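Q: coords below, sequence missing:
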């Protein structure tokens, strides 16, 4: 890795940024965010950016709007400080869920926010597990879309998987579940889901054989956990042997932790550290896996001009 690299972190997940820098063997450069009396934010990047390869680490996690504005200000500051190249390291892109116009007179937020990042100065984005594939094409700059499949699969390989089935909560997530199941060499099933509201769904049926099986429910993110509760109930009706849940982005918003904690037969919940998990949300059966090594390797390869494509399935 060349010596012209500078990494900053926003307020969203500085622990993740420090882990990435530790793996790269570099210091995390200081940045300071203040708030004016009129509630506006101001960001000061406290390290030289001129002709540097600048990486700004900031997942869009709650409070999403605060973290987004802070990221935009950091990008603008780096561009104004004559950075040679600016990359956003964004482990979680919350607006990826707003990927289509499914009602009259609404904004496609995923595209709008991608445009804002580009306008503010981003020249490349490194992210993980976008909610839908089309979001990748909404960015006007290169996007390195990393996968956590093997990281999560390596964790479950420690078990006896001879009676295991991977279950996707819906058909929209089947591709991710199929890839995960292939890595583990186990069958896959899927829920037939109807969404009634943002946090209300109905699971009409499970497509695939799950009776008597140890199921691993895989989703790209867990927010309130409403979909999972419906799916767990349906799986119990069908007589599964055990239930585990795995996700890339463990948001655990609203009643999620209370809901998950009340599932006495839930064997394990696995997520990654793309989203910071507060100490009070660390349930006894929750395992948080680090994907910082993947992001660190992506940063190293981008900085040195090497191919990143082999990491997309890593």
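A: The structure has been received and is ready for your questions. Here the structure is a predicted model, which means the values were calculated and not measured.
Q: Test my guess that residue 171 contacts residue 189.
A: No: the pair residue 171 and residue 189 does not pass the contact test of CB atoms under 8 Å, sitting 11.1 Å apart. Every C-beta, even on glycine, is put in place using the N, C-alpha and C of the backbone.
Q: more neighbours, those two?
A: residue 189 (21 against 13; other CB atoms under 10 Å).
Q: Got phi/psi on the more buried one?
A: phi -140, psi 170 (degrees, to the nearest 10).
Q: And the pLDDT for it?
A: Note on residue 189: pLDDT of 95.
Q: Could you list everything it pairs with in the sheet?
A: Following DSSP bridges, residue 189 is listed with bridge partners residue 167.
Q: just the one 5 residues further on next, same as before
A: Listed by DSSP bridges, the beta-bridge partners for residue 194 are residue 202.
Q: Just give me the neighbour total for it.
A: Neighbourhood size, residue 194 [other CB under 10 Å]: 11.
Q: correct me, but it touches residue 205?
A: No: counting by CB under 8 Å, residue 194 sits too far from residue 205 to count as a contact (10.7 Å).
Q: SS state for the residue lying closest to residue 44 once chain neighbours are set aside?
A: Leaving aside its sequence neighbours, residue 44 sits nearest to residue 32 (CB to CB, 6 or more residues apart in numbering; 4.7 Å). Of the three states, residue 32 takes strand under DSSP: H, G, I helix; E, B strand; the rest coil.
Q: Show me where the stretch 201-314 of the chain has its helices.
A: If DSSP state H, counting those that start in this stretch is used as the criterion, the helices of the stretch 201-314 of the chain fall at 226-237, 256-261, 292-304.
Q: What helices and strands are in contact with the second one?
A: Translated: helix 256-261. helix 226-237 (3 or more CB pairs under 8 Å, 6 or more residues apart in numbering; DSSP states H and E).
Q: contacts for the helix it packs on?
A: For helix 226-237, the external contacting residues (CB atoms under 8 Å, 6 or more residues apart in numbering) are 167, 169-170, 191, 193, 199-203, 205-206, 210, 215, 217, 219, 222, 243, 245, 259-260, 263, 265-266.
Q: what is in contact with residue 194 and residue 205 at once?
A: Common neighbours of residue 194 and residue 205 (CB under 8 Å, 6+ apart) do not exist.
Q: in the stretch 151-300 of the chain, which spans are strands?
A: 164-168, 188-197, 200-207, 214-222, 242-250, 266-272, 286-289 (DSSP state E, counting those that start in this stretch).
Q: Is it possible to get CSV of the ones you listed that adds distance to residue 111?
A: Listed next are those as CSV, based on distance: least, CB to CB, whole Å:
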stretch, distance to residue 111
strand 164-168, 26
strand 188-197, 21
strand 200-207, 25
strand 214-222, 19
strand 242-250, 20
strand 266-272, 26
strand 286-289, 30
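Q: what's the burial count for the nearest residue to residue 58 once chain neighbours are set aside?
A: Nearest residue to residue 58, sequence neighbours excluded (CB to CB, 6+ apart): residue 10, at 3.6 Å. Residue 10 has 25 neighbours, counted by other CB under 10 Å.
Q: Repeat that for the one 10 residues further on.
A: The local packing count at residue 20 equals 28, with neighbours defined by other CB under 10 Å.
Q: contacts for whichever strand or helix holds it?
A: Element membership for residue 20 (DSSP states H and E) is helix 14-24. Outside of helix 14-24, the residues within contact range by CB under 8 Å, 6+ apart are 1, 5, 7-9, 27-28, 57, 59, 89, 91, 273-274, 276, 290, 292-293, 295-296, 299-300.
Q: just the buried members of the residues you listed?
A: Taking 16 or more other CB atoms under 10 Å as the criterion, what is buried in the contacts of helix 14-24 is 5, 7-9, 28, 57, 59, 89, 91, 273-274, 276, 292, 295-296, 299-300.
Q: which stretches of the stretch 201-314 of the chain have low pLDDT?
A: 201, 313-314 (pLDDT under 70).
Q: Tell me the secondary structure at the closest residue to residue 117 other than its chain neighbours.
A: Nearest in space to residue 117, with sequence neighbours left out and distances taken as CB to CB, 6+ apart, is residue 88 at 6.1 Å. At residue 88 the chain is in strand, as set by three-state DSSP.
Q: Check the burial of residue 88 by counting its neighbours.
A: Residue 88 is flanked by 29 other residues according to other CB under 10 Å.
Q: So which residue is dead centre in the chain?
A: Nearest to the geometric centre of the chain sits residue 92, at 3.6 Å (CA atoms, centre = their mean).
Q: That one: what's its closest spatial neighbour, skipping adjacent residues?
A: Nearest non-adjacent residue to residue 92 (CB to CB, 6+ apart): residue 59, at 4.1 Å.
Q: Ramachandran coordinates for that neighbour?
A: Backbone torsions of residue 59, given as degrees, to the nearest 10, read phi -70, psi 150.
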